[in-house]
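J.: Predicted coordinates and the sequence they were generated for:
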Amino acid sequence: MSIFRRRPGASIALIALSTTLGAAATAVPASAAPARADLSVDLAVSPTRIPLNGKPVTADIHVANAGAATADGITVVIGIPATAHIGGEGPATDSPWQCVLGRPARCTHPALAAGTSAAPLSLPISLPEGTDGRSVAITATGTTTSHESFTKNNSDSQSVTYDASIVYPDLYVDSAVPIPDYQVIEGDWVKYPMRFGNTGNIAADDVRAHVVAAPGLFGGVGNQSDPSWQCTTIVDGREWECVNGPLAVGAVTPTLSFSGRVPAGGQPGDRLPVTVTLSTSTPDEDPARSVYEGGFEYGTPAYVSGRVWLDADQNGQRDPGEGTAGLDQLDISVVPADGGTSVNVSVNADGTYRVPVHAGRYLLEAGFAPGSYRFTTPDVGDDATDSDVHVTYDSWDYVSAQSDPVDIAEGGEAILDIGLVAIG
């Protein structure tokens, strides 16, 4: 027998209390989950099948933050086979990626805001010889110091397989040396010797180098080229097709060299590109390393300038109304005071000249066969309108003069004038 007795009206009271509590529960919001980062790493390797003697492949790594919070302290570790190595010097200095190219390589990136992606990271990886059918793995694993909502997408890997059926020559630029190796200015003599190699697994019937340079940079194939190169001009002063060969596996071509003078018109920092595209008539060539891009860069010149004038009253000063004479008889050059190649000076019809030079110490030299003129007395009165050259040699067949040395900084200018006096 139950001793529990329900009081009349109690059921109604309990239902009312339950309804009230339920309403109160739904009125209080649940705590929201904290926003977290979500780092993802995608790896693509090309090519994925290589010949038995090995070859370079390219690992392209894409990192993104698909989360709702910023990902800080991003690091990507690239795993490669024990006998492989990462080539080059890593990302460019202006890249947000900073890498230490050991084994494994470690690359860091600044924080990624929610919903943003990092700049692509591309690394060349050289794989050594292998056996047919063997596969090796390349991996990329990303981490962040921020809390993540999901971590299973932080890693990716791709296999590269050795394949005995892949047979081709593999042409590449063995060396390309810009001479000079510093920034150039208008009038500089430049040279570009190059050699090309074959790391494929069969010989190349020929090596074809298609060279495209900045207009006017090269006058043509330099005389330093090996005579075995046969070159045809495609566009005068700009484009050539050169052929050599055959080229055995592991061999390097003789030197192919282009030379010329730096044209006028460039601004500091402007590029003077040189592009070489390699090919061969042998079938199944691998073009992975067939394009080379190099060249020169314009620097900031200094200048030597001045005026040649006829000192009609022979007072050593360029007076108003005194014009020019003897320009066609005068040889003028700017000479590095510490040794080096002199620069010939072209004088305008009004007697003025302006010559770009690299920063340094220079002097002005002038000379002519005696007869109609002599040099006026230098350093008389106002330096802005006097003559700056002193006679250094005077004989029956030639008279020469030169200025004192002057130091010119990058972007600076030295003014050196030459006064002549008519004889008779």
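T.: Arrived safely, thanks for sending. Just so it is clear, the model here is predicted, and its values are computed rather than measured. Numbers count the residues shown, from 1 in each chain.

J.: ok, the regular element (helix or strand) spanning Val211: who's next to it in the sheet?
T.: Using DSSP states H and E, the element containing Val211 is strand 207-213. For strand 207-213, the paired strands and their directions (DSSP bridges) are strand 239-244 (antiparallel), strand 271-279 (antiparallel).

J.: Extract the C-alpha set from the shortest one and format it as PDB.
T.: When you say that, I think you mean strand 239-244. Below are the C-alpha coordinates for strand 239-244, written out as PDB (Å, rounded to 0.1, in the frame of the first residue of the first chain):
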ATOM      1  CA  GLU A 239      67.600  39.000 -81.000                       C
ATOM      2  CA  TRP A 240      69.800  36.000 -82.100                       C
ATOM      3  CA  GLU A 241      69.600  32.300 -82.600                       C
ATOM      4  CA  CYS A 242      72.800  30.400 -81.900                       C
ATOM      5  CA  VAL A 243      73.400  26.600 -82.500                       C
ATOM      6  CA  ASN A 244      76.100  24.300 -81.200                       C
END
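
J.: for the record, mean pLDDT for that strand?
T.: For strand 239-244, mean pLDDT rounds to 97.

J.: Tally up the residues packed near Ile185, please.
T.: 21 (other CB atoms under 10 Å). (Each C-beta comes from the backbone N, C-alpha and C, glycine too.)

J.: Go ahead and confirm it touches Val357.
T.: Yes: contact between Ile185 and Val357 holds when scored by CB atoms under 8 Å: they sit 7.4 Å apart.

J.: what touches both of these two?
T.: Pro301 (CB atoms under 8 Å, 6 or more residues apart in numbering).

J.: how about Thr385, phi and psi?
T.: phi -130, psi 20 (degrees, to the nearest 10).

J.: what's it in contact with, if anything?
T.: Per CB under 8 Å, 6+ apart, neighbours of Thr385: Gln317, Arg318, Asp319, Asp417.

J.: Which members of the residues you listed are the farthest-apart pair?
T.: For the contacts of Thr385, the farthest-apart pair by CB to CB is Asp319 and Asp417; their separation is 13.0 Å.

J.: So between these two, which is more surrounded?
T.: Asp417 (24 against 11).

J.: Just confirm the more buried one contacts Trp309, I think it does.
T.: Yes: shown here, Asp417 and Trp309 form a contact pair, counting by CB under 8 Å, at 7.2 Å.

J.: what's the overlap in contacts for the two?
T.: Arg318.

J.: Is Asp338 in contact with Leu363, as I believe?
T.: No: the pair Asp338 / Leu363 is not scored as a contact, 10.4 Å apart, by CB under 8 Å.

J.: if you count what's nearby, which of the two comes out ahead?
T.: The residue with more neighbours, out of Asp338 and Leu363 and counting by other CB under 10 Å, is Leu363; that gives 20 against 9.
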